[in-house]
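1. have a look; sequence and predicted model below, questions after that.
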Protein chains: 6
Amino acid sequence: MIIKRLFGRSFDQIRPFKIVKKFTSNSDASILISMGNTVVLCNANILDSVPDFMKGTNSPWITAEYSMLPSSTKVRMTREAVVGKQSGRTHEIQRLIGRSLRAAFDMKYSGEFTIKVDCDVLQADGGTRCASITGAYLAIVDILPVLYKKYSIRYDKKFEKIAAISVGLINNDILLDMDYKEDSNCDVDMNVVMDANGNFIEIQVTGEKIKFNKEKFDLMLSAAGHGILKLISYY
Amino acid sequence: MIIKRLFGRSFDQIRPFKIVKKFTSNSDASILISMGNTVVLCNANILDSVPDFMKGTNSPWITAEYSMLPSSTKVRMTREAVVGKQSGRTHEIQRLIGRSLRAAFDMKYSGEFTIKVDCDVLQADGGTRCASITGAYLAIVDILPVLYKKYSIRYDKKFEKIAAISVGLINNDILLDMDYKEDSNCDVDMNVVMDANGNFIEIQVTGEKIKFNKEKFDLMLSAAGHGILKLISYY
Amino acid sequence: MIIKRLFGRSFDQIRPFKIVKKFTSNSDASILISMGNTVVLCNANILDSVPDFMKGTNSPWITAEYSMLPSSTKVRMTREAVVGKQSGRTHEIQRLIGRSLRAAFDMKYSGEFTIKVDCDVLQADGGTRCASITGAYLAIVDILPVLYKKYSIRYDKKFEKIAAISVGLINNDILLDMDYKEDSNCDVDMNVVMDANGNFIEIQVTGEKIKFNKEKFDLMLSAAGHGILKLISYY
Amino acid sequence: MIIKRLFGRSFDQIRPFKIVKKFTSNSDASILISMGNTVVLCNANILDSVPDFMKGTNSPWITAEYSMLPSSTKVRMTREAVVGKQSGRTHEIQRLIGRSLRAAFDMKYSGEFTIKVDCDVLQADGGTRCASITGAYLAIVDILPVLYKKYSIRYDKKFEKIAAISVGLINNDILLDMDYKEDSNCDVDMNVVMDANGNFIEIQVTGEKIKFNKEKFDLMLSAAGHGILKLISYY
Amino acid sequence: MIIKRLFGRSFDQIRPFKIVKKFTSNSDASILISMGNTVVLCNANILDSVPDFMKGTNSPWITAEYSMLPSSTKVRMTREAVVGKQSGRTHEIQRLIGRSLRAAFDMKYSGEFTIKVDCDVLQADGGTRCASITGAYLAIVDILPVLYKKYSIRYDKKFEKIAAISVGLINNDILLDMDYKEDSNCDVDMNVVMDANGNFIEIQVTGEKIKFNKEKFDLMLSAAGHGILKLISYY
Amino acid sequence: MIIKRLFGRSFDQIRPFKIVKKFTSNSDASILISMGNTVVLCNANILDSVPDFMKGTNSPWITAEYSMLPSSTKVRMTREAVVGKQSGRTHEIQRLIGRSLRAAFDMKYSGEFTIKVDCDVLQADGGTRCASITGAYLAIVDILPVLYKKYSIRYDKKFEKIAAISVGLINNDILLDMDYKEDSNCDVDMNVVMDANGNFIEIQVTGEKIKFNKEKFDLMLSAAGHGILKLISYY
């Protein structure tokens, strides 16, 4: 079967990628990230205190919140503030973003403060969690000078660049960086967070419709790795 | 006392005003409105059904939801979906937006559907409710051709253009289209929704710090009227 | 069109007005206010502390809660404690009451305590928000001696008397102090809070069915003013 | 120990008892009941449908809701609608009221409708659940003619009169119809619902501070019985 | 009418009774109690602090939480954590358990800590509240040595053994320790908490379908007393 | 570093594994699964309807709910029904269980019903999500005869056996089937769901403290595979 991909791209090509820095002005850092038609606003802020379980550790806490604007999808979603709670999917995604950021930025023993990144999806076309991780990573990179300015905390330590991408398996074909339509139809769905050295932070693979063997897994992971290095090459 | 206003504007001048149409692509209409540093994304969608109280009226329902992104303000706000409910202020504002839109677009007897406008504040610097009303109005204007295309509902009827603006009284001086800092310090706070013919939809005036007499009221309302006509002249 | 009004009153006449003081005994002050068939119990209490945002200001906080008993209306309403949240309308009204009271009683720098007024509607027939404001005002007047007794805070400063009233426009006729049936049918709906000197605290006008011009507005506001002075003459 | 009781009453005397019928006008029946300083507004309404579990039974459902106004107590309580849920105590009491009413009015096979009684405590001084049961009973008595008028359902069947009362044990002394202060200090607390023939609907006894034996129990129950017959003699 | 009881037992016989101690290992005490097919896991834990209203009393607080696993019943129940609140029945039962435990263990002036017992119903066949009380009582008995070990608090004072049981009235027959089917059909439902000396902690009787007189009450209470002494004889 | 493991097991050994079938009697299937000191009750029930998004597909829906009893952990957890919502972790886990079960049992086109599995953790010592998946799988296996009996749906189709297990990386050592203490200290945490043929349903790996390369990943995945085959060999 031949799948016609948007933007005329091949199976192993990522979507057009764009970053707008300082998209809004009230946060300590603000990144508008686009991966194809998926657009996420990632705003990072430094908060003065840490959660209770971090008190006394002399270390910061890094965390994230994720939300889709009700009108970010083709069929309007109900607003979570109206429902009165965040969905299970929202919880799952924002926990993943937070974990990835904490792995990317090892800031142990640099004082007690919180970096909170809000990932608000303005337009959704698949891969919003990966775009959120990459965008949130870039927002924290932009917050480092603010940390120095506000708290005199200087990070000479080099943090390896990271990025996240999805890979799907459809009819035994591998599709890198799926859009919504591809994602809805894929048999196996993988999300990978990796750094510039090829070290992994998170791998999640789900056999949505079929199970998968080690060989397919390795091909998918390899495609993800290439995609992530491509993304990282842009910043 | 002389107040130095941002953008070097005079007391009776509105802030720089900008509209981006089709800012996002998944909604039936999408307007990004800026009034100075206040930026609101107003997305409108046509939904198939009406609320129970409208059933059998053969008339559409127009309504709005309002939300501030947690990172839209200088000091990050708590996300309402995390708190588990919308604040009183949010309720008050989205009711005002909905009322204004229903007054602007009298669509009685044109069939049962809902127009829902999401007003999500991306960046807040005062006057977010007024920017939301104006932006939501413009989003519905852009939805009219969609109504025709999707539902064969044509509006030959002319809807008068409307807009909304705030006026403040500080130390007996009148300030048109206040930013956040001005708004926080004003003695009397007025919000006006008016059409191009000078007919009013809503007037709300609050003596935040002092009471006000009819004379001051008339001056404020007059300033609001000029501001609204100026806004309307831009579209 | 000729509208037949309840109580045989004319267009510019307010409904029978009644105040019962010390209606209940456990609050610091308790007012049962009736405006026609609308009956609201306004109980005021002095609480020891202030909200966080008032701490350190050496000033009290005045606030209100509003609620309709489920059986106060002809068609029984669902109890908000059962739904699990206050409605948007409730939020809007109790914010209005609180604002009006803070404007009526300028108690800056007299110490940190809270005056909380509970406005519980026992019987509803239109104008409950106005009756709540007037009743809450009178409850705070009755709390002043308690403040002196409990906290040795004496208010020699004279607080101007205030009251609130609604005015409607139906078929170009002005109706003062509307009951529920009139309110449901009016084209334009105005609520005014004013003091005995004719200075305003809050004006809210909404074109429910039609827009309105400045001339109509002035006539309505003038009628409201007369009604408020009439109310104030009773206490 | 000699306890001085309010209203100069003896240990086995109930408090002054008063009923106001048609206290409010929008409900199908409305009773304001006072037992000493405890005042409860009991409004009953006929609703058209029954809960799911009653559908197809051709029988009505009788139920109650209970609430204390925040300002009904000496120390103001938090409003349950603000907390976002009803307390355990509220649940317990409104379930007791509903059970008692269903036992008092056996309306099996007279059609599917709901009688809902709202018991809103305006002023609390102990015994609010008993006053609510008695008041709610009287409200349903007043609703019977409405049932006939609205639904042509005539109850020729005689319903035995019922009432409810509390009894306490303090220092081995029995106190009938306790007020708040007595209730807070009692060792054993009993609530009884009984009809005019001495048949019981509900007995609840709790050893708050001490356990109690059968002998004491019998004395308490006997006092409760006398109190209930006294109450019933008033209507 | 002759009722055939499960386990071939007579009207005044309790169901097979079984206790498993230390059923789980992470709590300070853990009891799995079975009364016939009703199985409740009662885990007790010592918590370091007391609720605000107990602070400064130098006395512990004893409290309980009750929950039915969704799959404990023949027809699966909705999970309360999914609904977002505990039901009225849950509130009522856990308040009863807590009251009974505080009456059973008078620990006044032995320091400020909380004993919290979780009663989680694994399998439900009637009488879950009574099984919970008995099981919770036994869990606290097992916690006493832990109190000594962790807090050096030794209870030389003897606490009378207690237990709880239900009795029903069906067609004028008395049924001790009802299972679910019996409970659903009974006319009068009684729950009793009593100690080994025949002193009562709590008696609750409800005329579900019929009223009951003193004579029937006495017979039911007597049957309950025998059942409780039988239960207590097992431990 | 040499880690001393509980039960005297080696790095690549799973914990003692035990299954009790029909642990409770009211569900359609009931499995009590133990992996070392982790004990989960997995009850499966057949419900008559499907969620809206499955209506018209002629296919069943398989889903799960996960919960930890408050007293299942060494430090008592707050009950989610008391908090009023399920935590992010709970959402994440129950979504994983449901996905895994739907992949294990492909029941497409066999009619519209729901299989709901409740996984309630009675005792927690690490690996509760894996034990839940394995236990839930076994509960559905036991439900197949019930499906035939109740709905005449016979599954001749063979479903491959599945199981789930965790693997950790601590100080470069691989630990199969971690208990709580090991889990809290591991650098990389992997959860794998696999079938008897070595085909995968889900792989989730998180670099909690360090990143990991492909070589380590392969070693961990291989250990997981061995563990899962061992588990499956037991049933």
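-> Now that the structure is in, tell me what you want to look at. Numbers count the residues shown, from 1 in each chain, chains lettered A, B, ... in the order given.

2. could you tell me the backbone phi and psi angles at the most centrally placed residue in chain A?
-> Closest to where the C-alpha atoms of chain A average out (CA atoms, centre = their mean) is residue A:133, at 1.7 Å. Phi and psi for residue A:133, reported as degrees, to the nearest 10, are phi -60, psi -50.

3. test my guess that residue A:169 contacts residue A:218.
-> No. With contact defined as CB atoms under 8 Å, residue A:169 does not count as touching residue A:218 (12.0 Å). Where you see a C-beta, it was placed from the backbone N, CA and C, and this is true even at glycine.

4. ok, those two, which is more surrounded?
-> residue A:169 (24 against 12; other CB atoms under 10 Å in any protein chain shown).

5. re earlier: any idea how far the residue nearest to the centre of chain A is from residue A:99?
-> Applying CB to CB, to the nearest Å, the value for residue A:133 to residue A:99 is 10 Å.

6. just the closest residue of chain A to chain D, please.
-> Nearest to chain D, among the residues of chain A, is residue A:84, at 9.0 Å (CB to the nearest CB).

7. how about that residue: what's its closest non-neighbour residue?
-> Excluding the flanking residues, the one nearest residue A:84 by CB to CB, 6 or more residues apart in numbering or on different chains is residue B:84, at 5.1 Å.

8. that neighbour: neighbour count?
-> Neighbours of residue B:84 under the rule other CB under 10 Å: 18.

9. for it, grab phi and psi.
-> Note on residue B:84: its backbone torsions stand at phi 100, psi 0 [degrees, to the nearest 10].

10. quick one: contacts for it?
-> Listed by CB atoms under 8 Å, 6 or more residues apart in numbering or on different chains, the contact partners of residue B:84 are A:84, A:85, D:84, F:84, F:85.

11. chain B contacts on chain A?
-> Contacts of chain A with chain B, taken as CB under 8 Å from any CB of the partner chain, map to A:24-27, A:30, A:37, A:39, A:41, A:43, A:45, A:47, A:65, A:67, A:69-74, A:76, A:79-86, A:90, A:116, A:118, A:120, A:122-125.

12. so which of those residues are in strands?
-> Taking DSSP state E, the ones among the residues of chain A next to chain B that sit in strands are A:30, A:39, A:41, A:43, A:45, A:47, A:65, A:67, A:116, A:118, A:120, A:122-123.

13. enumerate the residues of chain A near chain D.
-> By the rule CB under 8 Å from any CB, no part of chain A lies against chain D.

14. hey, where'd the strands end up in chain A?
-> Counting by DSSP E, the strands of chain A are A:17-21, A:29-35, A:38-47, A:61-68, A:114-123, A:162-170, A:173-176, A:188-195, A:200-207.

15. closest one to chain F among the ones you listed?
-> The stretch from the strands of chain A with the least distance to chain F (CB to the nearest CB) is strand A:200-207; that distance is 4.7 Å.

16. what about stretch A:115-125, distance to the chain center?
-> Relative to the centre of its chain, stretch A:115-125 is centred 9 Å away, using CA atoms, centre = their mean, to the nearest Å.

17. ok, and the closest non-adjacent residue to residue A:175?
-> Of all residues not flanking residue A:175 in the chain, residue A:168 sits nearest, at 4.5 Å (CB to CB, 6+ apart).
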